[in-house]
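> need a structure here:
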Amino acid sequence: MKKEIIVKLGDDREVVVRKLALREYADLLKTLDGLPKSLSELDATSNDDILSNLPSIVAVALPEVIKIIAFASKLTEEEVDELGLDEAVELLAAIIEVNQISKVAEKVKKLLARRQAAPKTATGSIAQ
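Sure thing, here's the model as predicted:
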């Protein structure tokens, strides 16, 4: 499991995309909440699915995508806004890969499914 990925930008700058700490995930999730609901219709269950949908995601949700890239890459939003599409997609791919976004999402789905399937007590709490 990679802890960081180095992405070379067209102007010969290198951006180090690091694995987010747990506390940083909360901030990233707040930004993800701002993504347009139309993105939920995209079928993205694996890293490959997410990567194949990146151009659509960028087209539909540019301001949020800029915030996500800036947050996870430590670039400013102004720097991200000046990137080419290829550079933005490469940074997003690195963010997704180093943070294992698909794997985390799948585990969360499974946990939620188990919680919903668990028998409930008379008070509505889940039986242990």
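
> Buried ones in the helix ranked longest in the chain, by neighbour count?
Ranked by residue count, the top helix of the chain under DSSP state H comes out as helix 101-117. Residues of helix 101-117 classed as buried by neighbour count (16 or more other C-beta atoms under 10 Å): 101-102. Where C-beta positions appear, they are placed from N, C-alpha and C, glycine not excepted.

> could you measure residue 4 against residue 72, distance?
Computed with C-beta to C-beta, to the nearest Å, the distance linking residue 4 and residue 72 is 11 Å.

> Can you check which residues contact both of those two?
residue 17 (C-beta atoms under 8 Å, 6 or more residues apart in numbering).

> which one of the two has more residues nearby?
Higher neighbour count among residue 4 and residue 72: residue 72, with 24 against 10, using other C-beta atoms under 10 Å.

> per-residue pLDDT, that one?
At residue 72, the model reports a pLDDT of 92.

> which residues sit against the helix or strand encompassing residue 31?
Element membership for residue 31, per DSSP states H and E: helix 22-33. With contact meaning C-beta under 8 Å, 6+ apart, helix 22-33 is reached by 20, 64, 67-68, 71-72.

> Next, the angle from the helix or strand following it to helix 101-117.
As assigned by DSSP H and E, the chain's next helix or strand after helix 22-33 is helix 47-60. With axes from the mean of the first three to the mean of the last three C-alpha atoms, to 10 degrees defining the directions, helix 47-60 sits at 100 degrees from helix 101-117.

> Dump the stretch of helix or strand residue 65 belongs to to CSV, keeping only the CA atoms.
Here residue 65 sits within helix 62-73, counting by DSSP H and E. Extracted in CSV, the C-alpha atoms of helix 62-73 (Å, rounded to 0.1, in the frame of the first residue of the first chain):
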residue,chain,number,x,y,z
LEU,A,62,-15.6,21.7,-11.4
PRO,A,63,-15.7,23.9,-8.3
GLU,A,64,-15.9,20.9,-6.0
VAL,A,65,-13.2,19.0,-8.0
ILE,A,66,-10.9,22.0,-7.6
LYS,A,67,-11.5,22.0,-3.9
ILE,A,68,-10.9,18.3,-3.6
ILE,A,69,-7.6,18.4,-5.6
ALA,A,70,-6.4,21.4,-3.7
PHE,A,71,-7.2,19.9,-0.3
ALA,A,72,-5.6,16.5,-1.0
SER,A,73,-2.6,17.8,-2.9
